[in-house]
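1. Requesting a structural model of the entry that follows:
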Amino acid sequence: METVGAEFKLPAGLFKQKKVLRLLPDCLEYENKYSKLHFFTKVPKEAIIDIRYGTDWIIWYRFYVGCAYWIELKTQDDKIHKIRFYGYFGETERYRKIYVSIIELLWDYFLDDIVERHLHHFSTTKEIELGRFLLTEAGLASPENNLFINWTDVEVKEYETYYMLFNRQQPHINRATRQGDWETEVLVSVIEAIQQKLA
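-> Residues are numbered from 1 along each chain as shown. So this is what the prediction gives:
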C-alpha cells in the first residue's frame with residue numbers, strides 16, 4: 001500500500017527545538033509556536049495560489065557554517081505562510097536532502113496543480129500574466145521593457161540563481177527572472193508545457 005503524505009521534524013535554529021512540517025495531498029500543516037501544546041497552522045490545498053522556495057548560506061565571519069532553507073506559500077487571501085529551517089556544520093547535507101524531498105512533494109501535491117490551473121486558464125483566454133511576463137497566443141512578452149518573443153523562438157536557460165528567457169535566434173533579446181521570486185517556477189513550467197503542446 002502506497003504511503004500518502006510525509007512528516008518532517010526540522011530545526012528552527014542552532015539551539016532551538018525542532019518544528020514539525022506535514023505535507024498531505026490536500027493540505028500543508030506546520031508547527032508555528034514553541035509550546036507543549038504544539039500549535040499548528042493548516043493551509044488547505046485549494047487556498048494555495050503560489051509557492052516559492054530557496055536556500056541561503058549561513059556565514060560566520062568568513063566561514064560557511066550551514067544553510068538556511070526557506071519555503072513560502074501565498075494563499076488566496078494574500079497571506080504569506082513562511083517556513084524556515086536550518087542545517088549547521090555536519091548536518092548541512094542531511095537537511096539539504098530533506099529540503100529536496102520537501103520540494104518534490106510540494107510539486108507533487110500542489111505546484112503541478114497550480115501549473116495546470118494556469119494552463120487551463122491560458123487555453124480558455126489565450127492570455128495570462130505570470131510574474132512580470134505576459135503569455136499570449138503569439139508568444140512571450142515583458143511589457144515593462146518592450147520585449148516580445150514568438151513561441152517558436154522562446155528559450156529558457158537555468159542558472160544557479162535565476163532563469164534567462166531569451167530569443168534563440170537573437171539571444172541579446174532576453175529577460176531574467178530570479179529563482180525564489182513569486183511565480184517564477186510556475187512561469188517556467190507553464191512556458192515549457194505550452195511549448196510542448198505547440199511542438
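2. residue boundaries of the strands in the protein?
-> All strands of the chain, identified by DSSP state E, fall at 6-11, 18-24, 27-31, 40-44, 48-60, 63-75, 80-88, 127-130, 133-136, 139-142, 147-150, 154-158, 162-167, 174-178.
3. strand partners of the last one, parallel vs antiparallel please.
-> When pairing is defined by DSSP bridges, strand 174-178 lines up against strand 162-167 (antiparallel).
4. who touches the partner strand?
-> Outside strand 162-167, the residues within contact range by CB atoms under 8 Å, 6 or more residues apart in numbering are 133, 140, 149, 153-157, 173-179, 184, 188, 191. Any C-beta I mention is one placed from the backbone N, CA and C, and that applies to glycine too.
5. before we move on, what about stretch 175-188?
-> Taking contacts as CB under 8 Å, 6+ apart, the residues outside stretch 175-188 that touch it are 50-54, 74, 111, 114-115, 118, 130-133, 142, 145, 147, 156, 158, 161-166.
6. partner residues bridging Asn167?
-> Once the bridges are assigned, which here means DSSP bridges, Asn167 pairs with Val154.
7. quick one on the thing from earlier: pipe the strands of the chain into JSON lines and attach distance to Trp107 and mean neighbour count per row.
-> Compiled in JSON lines, these are given as follows (distance: least, CB to CB, whole Å; neighbours: other CB atoms under 10 Å):
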{"stretch": "strand 6-11", "distance to Trp107": "13", "mean neighbour count": "16"}
{"stretch": "strand 18-24", "distance to Trp107": "11", "mean neighbour count": "17"}
{"stretch": "strand 27-31", "distance to Trp107": "13", "mean neighbour count": "20"}
{"stretch": "strand 40-44", "distance to Trp107": "16", "mean neighbour count": "13"}
{"stretch": "strand 48-60", "distance to Trp107": "9", "mean neighbour count": "16"}
{"stretch": "strand 63-75", "distance to Trp107": "12", "mean neighbour count": "17"}
{"stretch": "strand 80-88", "distance to Trp107": "16", "mean neighbour count": "17"}
{"stretch": "strand 127-130", "distance to Trp107": "17", "mean neighbour count": "16"}
{"stretch": "strand 133-136", "distance to Trp107": "20", "mean neighbour count": "18"}
{"stretch": "strand 139-142", "distance to Trp107": "22", "mean neighbour count": "20"}
{"stretch": "strand 147-150", "distance to Trp107": "26", "mean neighbour count": "17"}
{"stretch": "strand 154-158", "distance to Trp107": "15", "mean neighbour count": "15"}
{"stretch": "strand 162-167", "distance to Trp107": "16", "mean neighbour count": "18"}
{"stretch": "strand 174-178", "distance to Trp107": "18", "mean neighbour count": "16"}
